[in-house]
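Undergrad: What follows is a protein structure lacking sequence information:
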């Protein structure tokens, strides 16, 4: 491989990665069959299905350091209040895609979106 071949390969690789990232962020549509998963200390304590057109809902989650408030609106979720000192989880804001996660480390709370598996005639 010559120096020009390596440069061409690297340029094509970078263009491919750039296009993939752009397609994920600009063309991503939230899955209408998603659900919010809330874990405390590694255990799933609640799963909430997300539906388009639903009003705001708030849930109190008891963590290691105290109570936190999780807010859900349509197809997105956020940590509204938390007893942790740095408030990183609260300042993160809304999440609406499966690769985003809200983590409150002092309170040991993890919130993420999960796609529901479709039910078919065999498993249903």
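TA: Structure's in. What do you need? Keep in mind it's a predicted model, so treat the numbers as computed, not measured.

Undergrad: How far does stretch 53-60 stretch from one end to the other?
TA: With Cα to Cα, to the nearest Å as the measure, the ends of stretch 53-60 fall 22 Å from one another.

Undergrad: That one: which residues count as buried?
TA: Residues of stretch 53-60 classed as buried: residue 59 (neighbour count, 16 or more other Cβ atoms under 10 Å). To be clear about C-beta, it is placed using only N, CA and C from the backbone, and glycine gets the same treatment.

Undergrad: do stretch 61-72 as well
TA: Within stretch 61-72, the residues that count as buried by 16+ other Cβ under 10 Å are 61, 63, 65, 68, 70, 72.

Undergrad: Could you give the average pLDDT over stretch 25-44?
TA: Taken as a whole, stretch 25-44 carries a mean pLDDT of 77.

Undergrad: swap in stretch 80-93?
TA: pLDDT averaged over stretch 80-93 equals 91, rounded to a whole number.

Undergrad: Break the protein into its domains for me.
TA: As given by automatic domain parsing, the domain ranges for the chain are 1-29, 34-115.

Undergrad: Quick check: which of the ones you listed is buried the most?
TA: Scoring these by mean neighbour count under mean count of other Cβ atoms under 10 Å gives domain 34-115 as the most buried, with a mean of 16.

Undergrad: got the end-to-end distance for that domain?
TA: End-to-end span of domain 34-115 (Cα to Cα): 4 Å.

Undergrad: Can you pull up the most central residue in this protein?
TA: When the chain is reduced to its mean C-alpha position, the nearest residue by Cα atoms, centre = their mean turns out to be residue 100, at 3.1 Å.

Undergrad: Can you give the contact residues for the host helix or strand of residue 7?
TA: With secondary structure defined by DSSP states H and E, residue 7 is part of helix 3-26. Residues from elsewhere that reach helix 3-26, judged by Cβ atoms under 8 Å, 6 or more residues apart in numbering: residue 1.
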